[in-house]
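Undergrad: Attaching a predicted model along with its sequence, questions to come.
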Amino acid sequence: MELAYPQHRGKLTTLYNTLWYLGSIVAAWTVYGTVGYEGQKAWQIPVALQALMPLLQLIGIFTLPESPRWLCSKDRTSEARDILFKYHAEGDHSNTFVLAEFAQIQDTIRLERGASEQEWSIFLKTSGNRKRLLLVVLTSFFSQCSGNGLVSYYLHDILSSVGISDPTYQSLFNGGLQIWSFLVAIGFSVFLVDRLGRKALFLTAAIGMLVVFSIWTACSAVYAQTGNTGASSAVLGMIFLFYGMAGFAWPGLMVMYCSEILPYGLHAKGLALCLAVTALSRVLNQYINLISLAYLAWRFYFVYIVILNIEVLCIWSLFIETKGTTLEQVAYLFDGEDAMVAAELEDRIDNNVTVLQEIGLHIEFVERNWINYKKKCSCFPGEFAILG
């Protein structure tokens with residue numbers, strides 16, 4: 001996320017989490033392929049495949065560049081600057097946008113470092129940080145406890161409750177659902193995140209999930225009371241629609257949004273909290289859903305209808321739009337005039353001589369080059385977006 005160019009950050013960081021579905025697709029269809037196996041191989045092959053993936057990750061780690069903000073925090077500024085030039089300017093060491101961006105990163109980290117030791121208590125010391133804490137917790141919780149956990153962990157029970165108990169058909173349904181979810185997440189959240197914005201996608205997903213889940217609940221009730229096969233088929237359709245609505249936001253934006261709203265000093269702790277709440281929510285899903293479905297059946301769905309109503313209200317009233325800002329400028333949206341952020345990029349580019357002196361580089365910037373640069377840029381509030 002840190003290496004993504006500001007203009008492309010939304011798409012790239014949203015794409016990161018949606019690629020989870022590629023692994024899910026492989027896992028689902030592997031299970032479908034082994035569902036008819038006899039003996040130990042039926043479960044050994046899927047488990048062995050899951051063990052292979054972390055090994056590939058371990059190898060890939062050694063190809064990753066270091067975080068430029070972390071390098072700046074460790075006073076390894078030349079390395080940080082070289083990485084920014086490589087990924088934001090194609091190696092052009094005279095690119096003024098990167099020079100300004102680099103100076104802003106340095107100054108912002110210096111301000112944050114001087115203001116606090118960044119202990120966990122810093123989350124409670126300002127209204128901006130308290131709101132960040134609340135949004136991280138809400139985003140993490142809603143991503144797992146909006147009804148999606150029912151299908152993720154108990155699809156077998158959900159399908160069996162509407163008369164579909166054949167293991168082969170259940171595995172086939174799951175494989176198709178994973179492919180559908182991936183296509184929807186890529187098609188909606190990745191390509192619309194910088195057009196509609198984060199909050200609009202979250203709100204669209206939450207309202208859509210609420211409507212679809214309500215219909216899903218009604219169809220489940222009809223089947224339970226009458227055995228109507230049409231209601232059973234409708235539940236299958238609602239599951240696909242439900243994941244389609246969820247694909248507008250939750251697969252891609254959960255990690256991305258939490259990353260965006262956290263300043264550098266709180267980034268590691270905030271993401272650790274995000275993943276911890278996510279894991280805790282999954283634990284609740286696995287224990288509470290199983291017991292509740294056994295005792296309440298479709299009536300338990302009303303709990304998620306209540307949660308989805310709360311989710312819509314929280315997104316509408318609390319979530320902050322971060323589209324079109326650099327990571328440093330997001331601080332203004334939470335902290336206002338108290339934001340510990342260095343000078344704006346526009347100010348730094350307008351006063352380019354000051355920028356170059358701050359970072360120890362002395363490059364002549366003539367009027368002709370400035371005019372050419374302006375032709376390549378479009379000025380948005382809060383940043384310069386380079387147009388290809």
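TA: That came through, no problem. Everything quoted here is computed from the prediction, not taken from an experiment.
Undergrad: tally of neighbours for Ser171?
TA: Residues near Ser171, counting by other Cβ atoms under 10 Å, number 21. Every C-beta, even on glycine, is put in place using the N, C-alpha and C of the backbone.
Undergrad: so it touches Ala27, yeah?
TA: No. With contact defined as Cβ atoms under 8 Å, Ser171 does not count as touching Ala27 (10.9 Å).
Undergrad: what stretches of the chain score poorly on pLDDT?
TA: Applying pLDDT under 70 to the chain flags the ranges 1-2, 5-7, 9-10, 111-118, 327-328, 337-388.
Undergrad: Let me see the ranges of the strands in it.
TA: Under the criterion DSSP state E, the chain carries strands at the ranges 377-380, 383-386.
Undergrad: give me the number of residues near Cys314?
TA: Neighbour count for Cys314, taken as other Cβ under 10 Å: 18.
Undergrad: residue contacts, it?
TA: 138, 142 (Cβ atoms under 8 Å, 6 or more residues apart in numbering).
Undergrad: try it again with 7 Å
TA: Leu138 (Cβ atoms under 7 Å, 6 or more residues apart in numbering).
Undergrad: Surely Met238 touches Ala218?
TA: No. Applying Cβ atoms under 7 Å as the test, Met238 and Ala218 come out as separate, 9.2 Å apart.
Undergrad: quick one: the nearest residue to Ala221 once chain neighbours are set aside from Ala103, how far?
TA: Closest residue to Ala221 apart from its sequence neighbours, by Cβ to Cβ, 6 or more residues apart in numbering: Trp298 at 5.3 Å. Going from Trp298 to Ala103 by Cβ to Cβ, to the nearest Å gives 59 Å.
Undergrad: before we move on, what about Tyr287?
TA: 50 Å.
Undergrad: For the stretch 251-388 of the chain, just list every one of the helices.
TA: Residue ranges of the helices in the stretch 251-388 of the chain, as given by DSSP state H, counting those that start in this stretch, are 264-296, 301-318, 330-335, 345-350, 352-358, 367-375.
Undergrad: Now the ones you listed in a markdown table, please, with extra columns for distance to Val137.
TA: Shown next, in a markdown table, are the helices of the stretch 251-388 of the chain (distance: least, Cβ to Cβ, whole Å):
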| stretch | distance to Val137 |
| --- | --- |
| helix 264-296 | 5 |
| helix 301-318 | 11 |
| helix 330-335 | 15 |
| helix 345-350 | 31 |
| helix 352-358 | 38 |
| helix 367-375 | 43 |
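Undergrad: Most tightly packed of the ones you listed?
TA: Looking across the helices of the stretch 251-388 of the chain with neighbours counted as mean count of other Cβ atoms under 10 Å, the highest average goes to helix 330-335: a mean of 20.
Undergrad: For that one, name the packing helices and strands.
TA: Here helix 330-335 touches helix 127-144, helix 250-261, going by 3 or more Cβ pairs under 7 Å, 6 or more residues apart in numbering; DSSP states H and E.
Undergrad: what does the last one contact?
TA: Contacts to helix 250-261, defined as Cβ under 7 Å, 6+ apart, come from residues 1, 13-18, 20-21, 132, 135-136, 139-140, 143, 185, 189-190, 193, 198, 201-202, 205, 270-271, 274, 322, 327, 330, 334.
Undergrad: And stretch 38-46, by the same measure?
TA: 27, 30-31, 34.
Undergrad: Check which residues of that stretch are buried.
TA: Pro46 (16 or more other Cβ atoms under 10 Å).
Undergrad: and it, how far out from the chain's middle?
TA: Centroid displacement of stretch 38-46 relative to its chain, using Cα atoms, centre = their mean, to the nearest Å, is 34 Å.
Undergrad: and if you look at stretch 40-47?
TA: 31 Å.
Undergrad: Kindly export that stretch (C-alpha atoms) in CSV.
TA: Extracted C-alpha coordinates of stretch 40-47, given in CSV (Å, rounded to 0.1, in the frame of the first residue of the first chain):
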residue,chain,number,x,y,z
GLN,A,40,-7.5,-40.3,4.3
LYS,A,41,-6.8,-38.7,0.9
ALA,A,42,-10.1,-36.9,1.0
TRP,A,43,-8.8,-34.5,3.6
GLN,A,44,-5.0,-34.9,3.2
ILE,A,45,-4.8,-33.4,-0.3
PRO,A,46,-6.7,-30.1,0.6
VAL,A,47,-4.6,-29.7,3.8
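Undergrad: picking that back up, and of the helices of the stretch 251-388 of the chain, who's closest to Ser73?
TA: helix 264-296 (7.1 Å; Cβ to Cβ).
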